[in-house]
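Enquirer: Sequence plus predicted model, see below.
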Amino acid sequence: MQRYSITQALCLPEYKIIGILSDSDQEMHLQIRPYKRKKAKCSGCGEYHYGQKIHSFKEVIVEDLRLFRKRVFLHVIKRRYRCVKDGRLYVEAVDWLKPRCRVTNRLAKEIYRLTSIATNQEAGWYLGMNDEKIYRIDKSCLKRD
């Protein structure tokens, strides 16, 4: 399977797949990173800092919607920058991922829709996830609304 077709199916703007870490019958692990020209948004102040040097990288593992009937785990490489305003280190903010969250916004919305018509246990069975995890994601979506 070509990386370009997977990138198009995932629809992650300004990110590219740099490697397929594992691909089994049940799950797929993909390593993605932002394009070099993508401007990094500071998670501290929320502004774009242009011309900043990258301090380091941090890898975060998040789960996304199923693709080809497989669970998809994205190993997202985030850049760390020193904020111009306060001088502290911050990890770049990603639009389709909430801070300190282990699922993408798309999967969280899907879980929220699924739990509105089914129980947490049934949703967990359908998605192949723990029902406690489903409960926490559903609860966080309810707080946002």
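Expert: Nice, thanks for sending it over. Numbers count the residues shown, from 1 in each chain.
Enquirer: going forward, measure contacts between C-alpha atoms and count neighbours the same way
Expert: Will do.
Enquirer: you'd agree Lys139 is in a helix?
Expert: Yes: the assignment for Lys139 is a helix, going by DSSP: H, G, I helix; E, B strand; the rest coil.
Enquirer: That one and Tyr112, how far apart?
Expert: Lys139 sits 9 Å away from Tyr112, taking C-alpha to C-alpha, to the nearest Å as the criterion.
Enquirer: What of Thr7?
Expert: Thr7 is 25 Å from Tyr112, by C-alpha to C-alpha.
Enquirer: Who has more neighbours out of these two?
Expert: Ranked by neighbour count (other C-alpha atoms under 10 Å), Thr7 and Tyr112 place Tyr112 first, with 21 against 15.
Enquirer: Now do the contacts for the more buried one.
Expert: Ile137, Asp138, Cys141 (C-alpha atoms under 8 Å, 6 or more residues apart in numbering).
Enquirer: Check which element follows the helix or strand containing it along the chain.
Expert: Applying DSSP states H and E as the criterion places Tyr112 in helix 105-117. Moving toward the C-terminus from helix 105-117, the next helix or strand (DSSP H and E) is helix 120-127.
Enquirer: and for that following helix, what are the contacting residues?
Expert: With C-alpha under 8 Å, 6+ apart, helix 120-127 has contacts from Ile111, Leu114, Thr115, Asn130, Asp131, Glu132, Ile134, Tyr135.
Enquirer: Between helix 105-117 and it, find me the angle.
Expert: 130 degrees (axes from the mean of the first three to the mean of the last three C-alpha atoms, to 10 degrees).
Enquirer: For helix 120-127, buried residues please.
Expert: Residues Asn120, Gln121, Glu122, Ala123, Gly124, Leu127 are the ones in helix 120-127 that count as buried (16 or more other C-alpha atoms under 10 Å).
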